[in-house]
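Asker: Can you look at this prediction? I've put the sequence above it.
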Amino acid sequence: MWRYRGGYFTNVKNGKVITIKDRKDKEAQPVIVYNKYAGRHPSQIWRVVYTNDMGAEAITKKGKMSKHGTGFIVLEPFYFRSRLPMQRVVECVGANNAVLKKWAKGRKA
């Protein structure tokens with residue numbers, strides 16, 4: 001189970017966080033699970049965006065906040081958006097490969 005708190009997606013069981021491999025802000029860079037770095041590094045900090053229009057970044061509030069304290073709104077689609085300068089989003093490529101991609105309106109992952 002994962003928890004979103006303070007910008008980090010943290011695994012409840014082992015304390016590892018979702019991070020960008022090699023801390024590089026480039027297209028198709030793998031997104032992995034790794035130990036938390038000392039200090040707050042932007043390659044491990046994420047923003048959850050609940051919207052179909054990333055330009056406006058309007059947060060929809062149709063769903064209710066999860067009762068389990070995970071930090072997510074129930075039944076609402078969202079993006080993981082990086083805090084690195086290009087603010088790319090995480091996209092699944094294939095069955096289990098998550099990578100950074102520039103957001104493109106209308107593109108289905």
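Answerer: In hand now; what should we look at? Numbers count the residues shown, from 1 in each chain.
Asker: What separation do you get for the most centrally placed residue in the chain and N35?
Answerer: Nearest to the geometric centre of the chain sits F80, at 2.5 Å (C-alpha atoms, centre = their mean). F80 sits 19 Å away from N35 when distances are taken as C-beta to C-beta, to the nearest Å. C-betas here are computed from N, CA, C, even on glycine.
Asker: before we move on, back to that, how about the contacts made by the residue nearest to the centre of the chain?
Answerer: Contact criterion C-beta atoms under 8 Å, 6 or more residues apart in numbering gives F9, I18, W46, R47, V48, V89, V90 as the residues in contact with F80.
Asker: Look at it and tell me its secondary structure.
Answerer: strand (DSSP: H, G, I helix; E, B strand; the rest coil).
Asker: ok, it to G39 distance?
Answerer: Taken as C-beta to C-beta, the span from F80 to G39 is 21 Å.
Asker: just checking, N35 touches K16?
Answerer: Yes - between N35 and K16 there is a contact under C-beta atoms under 8 Å: 5.9 Å.
Asker: So between the two, which is more surrounded?
Answerer: In this comparison of N35 against K16, neighbours counted by other C-beta atoms under 10 Å, the higher total goes to K16 at 15 against 11.
Asker: what's that one sitting at in phi/psi?
Answerer: The phi/psi pair for K16 (degrees, to the nearest 10) reads phi -80, psi 160.
Asker: what do you get for R5?
Answerer: Torsion angles at R5 (phi, psi; degrees, to the nearest 10) stand at phi -150, psi 130.
Asker: Burial check on it, number of neighbours?
Answerer: 10.
Asker: now do the one 5 residues further on
Answerer: As a burial measure, T10 scores 19 neighbours (other C-beta under 10 Å).
Asker: With G94 instead?
Answerer: 7.
Asker: again, but for the one 4 residues further on
Answerer: Residues within reach of A98, counting by other C-beta under 10 Å, total 18.
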